[in-house]
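# sequence below, structure please.
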Amino acid sequence: MGLGPSASIANTLVDSVTGAGGGGWLQFHIGDPGASGTTSQAGSTTRIAKSHPAASAGSSTQTGTATLASWAGGSQTLTHWSEWSASSAGTFRGSGAFATGRAVVNGDTLNVSGIVWSCTAAS
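Model prediction:
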């Protein structure tokens with residue numbers, strides 16, 4: 001047997017981050033969110049809902065597109081995101097960086113898709 005968690009544990013770990021079946025909430029950042037997800041928060045702290053299917057083979061890819069209809073945080077460049085269990089407060093689940101930063105101004109619509117969470121299972 002290879003090293004790492006079993007396939008079922010890998011799926012459970014991914015599902016605990018994505019909120020599989022119940023979804024999660026994204027918050028935008030202008031830098032690395034840090035270990036607690038609260039560093040470098042963007043000017044707007046509005047979180048947007050997203051969803052993931054249950055993990056399979058230790059991976060889950062976001063379904064659909066999460067949309068923020070109108071940015072209201074001023075002119076900034078968004079570089080990172082954090083994932084939370086609720087639209088406000090809640091539990092920090094993890095974070096990531098966008099492939100490229102996105103300059104935004106008030107009134108912009110933001111669409112986020114294709115976020116993948118994965119955990120490599122023993123083979």
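# quick one, strands of this structure?
Shown for the chain, the strands assigned by DSSP state E span residues 24-29, 48-50, 59-61, 66-68, 76-84, 92-104, 110-112, 116-118.
# report all helices and strands that the second one contacts.
The contact analysis (3 or more CB pairs under 8 Å, 6 or more residues apart in numbering; DSSP states H and E) places strand 48-50 against strand 24-29, strand 66-68, strand 110-112. All C-beta spots, glycine's among them, are computed from the backbone N, C-alpha and C.
# can you list contacts of the last one?
Applying CB atoms under 8 Å, 6 or more residues apart in numbering, the set of residues contacting strand 110-112 from outside is 26, 28, 48, 50, 62, 65-68, 71, 78, 81, 102, 104.
# dump the residue contacts of the residue nearest to Phe98 when sequence neighbours are not counted.
On the basis of CB to CB, 6 or more residues apart in numbering, the spatially nearest residue to Phe98 that is not a chain neighbour turns out to be Thr79, at 6.1 Å. When contacts are counted by CB under 8 Å, 6+ apart, Thr79 is found next to His29, Ile30, Gly31, Ala97, Phe98, Gly101.
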